[in-house]
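Predicted model follows, preceded by the sequence.
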Amino acid sequence: MSTTTEQITETSKADTEHHHGPAKGMSRWFFTTNHKDIGTMYLWFSLAMFMTGGCMALMVRAELFQPGLQFIEPDFFNQMTTMHGLIMVFGAVMPAFVGLANWMIPMMIGAPDMALPRLNNWSFWILPFAFSIMLMTLFMDGGGPNFGWTFYAPLSTTFAPPSVTYFIFAVHMMGISSIMGAINVIVTILNMRAPGMIMMKLPLFVWTWLITAFLLILVMPILAGLVTMMLMDIHFSTSFFSAAGGGDPVLFQHIFWFFGHPEVYIMILPAFGIVSEIIPTFARKKLFGYSSMVYATSSIAFLSFIVWAHHMFTVGIPLMGELFFMFATMLIAVPTGVKVFNWVATMFRGSMTFETPMLFSIAFVVLFSIGGFSGLMLAIAPADFQYHDTYFVVAHFHYVLVPGSVFSIMAGVYYWLPKWTGNYYDERMGKIHFWLSFVGINITFFPMHFVGLAGMPRRVPDYALQFADFNAISSVGAFLFGFSQLLFIYNVVSCIRKRNQASNRVWEGSHGLEWTLTSPPPYHSFTTPPKVD
Amino acid sequence: MQTEYQHYYVPNQSYFPIVASISLFCLAFGAGSFLTAAEGGGDFGMILLFMGFILLITIIMNWFVTVAAESRAGLYSPQMDKSFRWGMGWFISSEVMFFVAFFGALFYIRIFAVPWLAGEGDKGVSHMLWEGFVNQWPLMTTPDPSLFKGPEKVVDPWHIPLLNTIILISSSLTLTMSHKALKLNNRRATSLWLALTVVLGFTFLYYQVIEYHEAYTELGLTLAAGVYGSTFFILTGFHGLHVTIGTIMLLCILVRILEGEFSATKHFGFEAVAWYWHFVDVVWVGLFIFVYIL
């Protein structure tokens, strides 16, 4: 025992003296404990998954370009919609936010690294393995998951392909990864702040991530419990979701959405944080209503736990339930309105410039609000009986997820890229990427409102003739949006490679600890904590 | 010296995370192959599952040994200690939520699902599916006994479960005594009380096994015995699993105490295990009330 102790003391002494940069070769990535390396890996992984899930979406859109069956079998179509949803939620959006958190939180609060660095690396490395299991299911007998990303029982139990078992274990692994990641974020924020960095001075990105991490800790275990019950129903003859044994398939939906509703806020709260960082920078004004932003985020997080059944209005819940969940859902509009008001008020009479991150952020505010309003329409229980499971719902959640979460991630990447790489990206190319994306997503998702209100059901590979025109338009938009993302990759890669030294502050109006470091920042950011006044 | 900042220890490269991820992959993929393989074809899955398990155990052991060694080497500042405390606290919170999912399922089934199936309330129309089905709990007759045959009898809460309640609550007390003794630097009492806790943990598990055996062989209470069996076994089963893990953790702590580790002032490893054990205890009280008695 004592020899190991001595060895460790010796190596650590040697390392603090000599070990200032990253390790050489591939071992840097496999064995790293550095928050920047891990953040980078999360972001690349997320980009790879974004492109994979995007290809699946394009297959869906290609099939839906015309009525009738063109390219793919209906069962494969179902696998594509399912995998597209699962990959975008768990593989693209969530890891991207964790990547940004890894990069930025320690730099924003003046910490040397994340609080639990080895655990941090474990959280990341679980993901590639979990998603390789998930993607392998596509090549198994009976095909991959085809029951929609919400995997409702009994579609996912009694009538599921055999590969559902692998799907269940992959979800377990993602859960472990998210929980450990969330613990790390909470501990870092609560325990690693530089002296003087009181909670109400935290940058909003840090605040929103703290609240997101609490949501993750509270709901990911629920998801784990849910898939465990599925596993038991499939292989160990229990009857949780089978009415013949006294269970109830609706129970599945309740548990799923008790996880699922906070989950959708997990995918939007960090976006709020990013936008709240960017808008003040380019409006050259302090964020309007900082503390109300914190309270609004907390209220949204709290409300997310008591609105889940608004996803199930048509499944048959008691009238009191319909009413309660309808009004509770509408209540969310209040804190969300506070946030949108504050962003607009921040921009009001600011000396604004419109660099790429700002363009994405303004598009976020406008288009996310559209998604929010369609959400309000869906919250009205009697009206939802008409909208439920139509393309109106698809339009709604894509408006909050694509120009919402995804745009905020892109905004964040453009905003911090010069800090990470030390080089400015090509502003003109950034703007082209923005405009193509902006036009692309609106062409894709806006017509979905119309076909949805006219009654086109989601998750069906074929449709009635009257929906043909709008669907053709949507598909064109989807391909435009999809291929514009190649520009995003080009922009990121050329920013890394082309020397165009960025200043420490990067942006004229930027404020915060991360901008006091050099661009690129040193491998270990704040080994001694800075003083915050 | 007091005002000087002690560097927060950021460990160097470590192979633990990636090997642990590989082991999880083996576990998940192995379990998947084992469960989905046709009759007798699960050998590959079983081997992979077993390998993953061994690998995971090895990594976890190495990881903890390294952390303990780093702590002894004085690399951990008081700030680091706080990180571990927050970390363990939130880990236990996530565990609580894992049980919340199963308790939630139990309550939903008892309050809504079964009464509705029997024709009560807003969704009483579902009664048309199985006419004559009666709302009762424990659910002795399922809606469709040809698919899920209900249990003949259920576990009597006032025999083994009551005994196990007493065992587990006293184990929490003995653990607290051990902790008190450790704080007073009375190492002999510490290890004695701790050993007693471990013995109580094993006794609990022993009775739990007896109870499961009885349930399967004499009471007809199985996983397949309708939703009563499902909720009963998933709640008590996962609790039992946590007691098993907790007991193993207590055993590790006992070994470390006997090797002379932990001081009266610095013993977070001990405290973390104690927190975990109390959490397991609290869950059991919930189980005793809502699964066995009510």
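Happy to help now that I have it.

Okay, now the unreliable bits of chain A?
A:1-20 (pLDDT under 70).

residue contacts, the spatially most central residue of it?
The C-alpha lying nearest the average C-alpha coordinate of chain A belongs to residue A:93 (CA atoms, centre = their mean; 2.8 Å). Applying CB atoms under 8 Å, 6 or more residues apart in numbering or on different chains to residue A:93 gives the contacts A:46, A:267, A:401, A:405, A:406, A:409. Where you see a C-beta, it was placed from the backbone N, CA and C, and this is true even at glycine.

how many other residues sit next to residue 91?
Went with chain A since none was named. Residues lying near residue A:91 (other CB atoms under 10 Å in any protein chain shown) number 25.

you looked at the wrong chain, it should be chain B
Neighbour tally, residue B:91, other CB under 10 Å: 18.

Same question for residue A:493.
Residues near residue A:493, counting by other CB under 10 Å: 10.

Just the closest residue of the stretch 101-250 of chain B to chain A, please.
At 2.9 Å from chain A, residue B:101 is the closest residue in the stretch 101-250 of chain B, using CB to the nearest CB.

so who does the residue of the stretch 351-500 of chain A found nearest chain B touch?
In the stretch 351-500 of chain A, the residue that lies nearest chain B is residue A:381 (14.1 Å; CB to the nearest CB). For residue A:381, the contact set (CB under 8 Å, 6+ apart) comprises A:310, A:313, A:322, A:323, A:325, A:326.

what about 10 Å?
Neighbour list for residue A:381: A:309-310, A:313-314, A:317, A:319, A:321-323, A:325-327, A:329, A:388 [criterion: CB atoms under 10 Å, 6 or more residues apart in numbering or on different chains].

tell me the domain boundaries of chain B?
Domain ranges of chain B: B:1-76, B:79-293, per automatic domain parsing.

okay, those in a markdown table with mean pLDDT next?
Formatted as a markdown table, the domains of chain B follow (pLDDT from 0 to 100):
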| stretch | mean pLDDT |
| --- | --- |
| domain B:1-76 | 88 |
| domain B:79-293 | 94 |
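
Could you export these to TSV, including columns for distance to residue A:102?
What follows is these, written out as TSV (distance: least, CB to CB, whole Å):
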stretch	distance to residue A:102
domain B:1-76	13
domain B:79-293	16
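
For residue A:371, find the nearest of the ones you listed.
Between residue A:371 and the domains of chain B, the tightest spacing by CB to CB is seen for domain B:79-293, at 28.4 Å.

Between the two ends of the closest one, what distance do you get?
Terminal residues of domain B:79-293 are spaced 45 Å apart (CA to CA, to the nearest Å).

do the same with stretch A:134-150
15 Å.

and it, is it in reach of chain B?
Yes: using CB under 10 Å from any CB of the partner chain, we find that stretch A:134-150 touches chain B at A:136, A:137, A:140, A:141, A:142.

could you flag which of those are buried?
Buried members of those, counted by 16 or more other CB atoms under 10 Å in any protein chain shown: residue A:137.

In helices only, show me the residues of stretch A:134-150 next to chain B.
Within these, membership in helices is found for residue A:136, as judged by DSSP state H.

What is the nearest of the residues of stretch A:134-150 next to chain B to residue A:428?
Using CB to CB, the residues of stretch A:134-150 next to chain B come closest to residue A:428 at residue A:136, 41.4 Å.

For the host helix or strand of the residue of the stretch 101-250 of chain B closest to chain A, name the packing helices and strands.
Secondary structure from DSSP states H and E places residue B:101 in helix B:78-108. In terms of contacts (3 or more CB pairs under 10 Å, 6 or more residues apart in numbering or on different chains; DSSP states H and E), helix B:78-108 is packed against helix A:164-191, helix A:204-235, helix A:249-266, helix B:43-72, helix B:226-258, helix B:268-287.

quick one, the first one and helix A:204-235 angle?
Note on geometry: by axes from the mean of the first three to the mean of the last three CA atoms, to 10 degrees, helix A:164-191 and helix A:204-235 are set 150 degrees apart in direction.

Now do helix A:164-191 against helix B:78-108, angle only.
Here the directions of helix A:164-191 and helix B:78-108 differ by 140 degrees (the same axes, to 10 degrees).

got the angle between helix A:164-191 and helix A:249-266?
Using the same axes, to 10 degrees, helix A:164-191 lies at 40 degrees relative to helix A:249-266.

in helix A:164-191, what's buried?
So, applying 16+ other CB under 10 Å, buried residues of helix A:164-191: A:164-189, A:191.

before we move on, the earlier item: for residue A:115, see how far away the residue of the stretch 351-500 of chain A closest to chain B is.
Residue A:381 is 44 Å from residue A:115, where distance means CB to CB, to the nearest Å.

what's the answer for residue A:219, then?
For residue A:219, the distance to residue A:115 - CB to CB - is 22 Å.

which non-adjacent residue is nearest the closest residue to chain B within the stretch 251-400 of chain A?
Among the residues of the stretch 251-400 of chain A, residue A:318 lies closest to chain B, at 4.0 Å counting by CB to the nearest CB. Residue nearest to residue A:318 in three dimensions, not counting chain neighbours: residue B:122, with 4.0 Å by CB to CB, 6 or more residues apart in numbering or on different chains.

who touches that neighbour in this structure?
A:316, A:317, A:318, A:319, A:320, A:321, A:322, B:112, B:116.

mind listing what the fifth one touches?
Going back to what we said before, that points to residue A:320. Residue A:320 touches residue B:122, counting by CB under 10 Å, 6+ apart.

With the third one instead?
Taking CB under 10 Å, 6+ apart as the criterion, residue A:318 is in contact with A:324, B:112, B:116, B:121, B:122, B:123.

Correct me if wrong: the second one contacts residue A:247.
This means residue B:112. No: Residue B:112 is not in contact with residue A:247 according to CB atoms under 10 Å; the separation is 11.2 Å.

More neighbours: those two, which one.
Between residue B:112 and residue A:247, counted using other CB under 10 Å, the more crowded position is residue A:247 (31 against 21).

Would you agree the more buried one is in contact with residue A:237?
No: assessed by CB under 10 Å, residue A:247 is found out of contact with residue A:237, at 11.9 Å.

Check the contact lists of those two and give me the overlap.
Jointly contacting residue A:247 and residue A:237 under the rule CB under 10 Å, 6+ apart are B:148, B:230.

Do me a favour and get the end-to-end distance for stretch A:238-252?
14 Å.

Can you tell me the SS state at the residue nearest to the centre of chain A?
Classification of residue A:93 by DSSP: H, G, I helix; E, B strand; the rest coil places it in helix.
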